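*Asks:* Sequence first, then the predicted structure:
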Amino acid sequence: MVTRQLAISCERSSPIRNSPKAATDLAGLDDEYCVDGNYTAGEPGSVDLTINTNRATLKWGKFVDPGTPVPTGSGTCAGYNQGTKPAGWDDNQDVGLFEGGSTMNTGIFRPVINCRMRSNSPPYCPVCYTSFSALSTFSNTASPRWREDDLGGARQRAHK
Ligand SMILES: [Zn+2]
């Protein structure tokens, strides 16, 4: 997921936060949508996907409310199906552990039901957003003139 070429992601007119392609390359994110299949590989390096279902060691565990079941959704491209979805639950902003992501239906988990890394309309989920925030050069509306060494540094920080 971080092996793609940088140059094609860096149109100056295209703010980073509006481009899931750039997000994938620069912030260590990967696609959260499901198409088919069962994921059988190891723990992904991306910040927004995991195979770990242990709350204590979940990489985005700090975003999960203690009252939220982990996993929160089990089965093919799951929504909230482990207990009753709380009133006021936000499918984009409330974080749990939902099966399906990286184009696979099962065997891998994403942080929220629906993130910008899953479909084209919603904002980024808190896990993805925080990954951007770690990239201090990426302000909301700036159109910086990217340099290769800036991008390399940003990528390293994102993977801490
Ligand atoms: Zn996300």
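*Replies:* Yep, it's here. As the structure is a computational prediction, the values presented were derived from the model and not from experiment.
*Asks:* Give me the pLDDT for residue 17.
*Replies:* Model confidence at residue 17, given as pLDDT, is 54.
*Asks:* Identify each buried residue in the longest strand seen in the chain, please.
*Replies:* Secondary structure of the chain per DSSP state E: the longest strand is strand 104-110. For strand 104-110, burial by neighbour count (16 or more other CB atoms under 10 Å) applies to 104-106, 108-110. In this view, the C-beta of every residue, glycine as well, is placed from N, C-alpha and C.
*Asks:* Spell out which residues sit in contact with the spatially most central residue of the chain, please.
*Replies:* The centroid of the chain falls nearest to residue 48 when counting by CA atoms, centre = their mean (3.1 Å). Neighbouring residues of residue 48 by CB atoms under 8 Å, 6 or more residues apart in numbering: 29-30, 32, 60, 101, 110-111, 115, 117, 125, 127-128, 131.
*Asks:* Mark which of these are buried, thanks.
*Replies:* 29-30, 32, 60, 101, 110-111, 115, 117, 125, 127-128, 131.
*Asks:* could I get the contacts of residue 48 as a markdown table with distance to the ion and pLDDT?
*Replies:* As requested, those are exported to a markdown table (distance: CB to the ion, whole Å; pLDDT from 0 to 100):
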| residue | distance to the ion | pLDDT |
| --- | --- | --- |
| 29 | 7 | 90 |
| 30 | 9 | 92 |
| 32 | 5 | 94 |
| 60 | 9 | 98 |
| 101 | 9 | 97 |
| 110 | 7 | 98 |
| 111 | 6 | 98 |
| 115 | 3 | 96 |
| 117 | 4 | 92 |
| 125 | 3 | 96 |
| 127 | 5 | 96 |
| 128 | 3 | 94 |
| 131 | 8 | 90 |
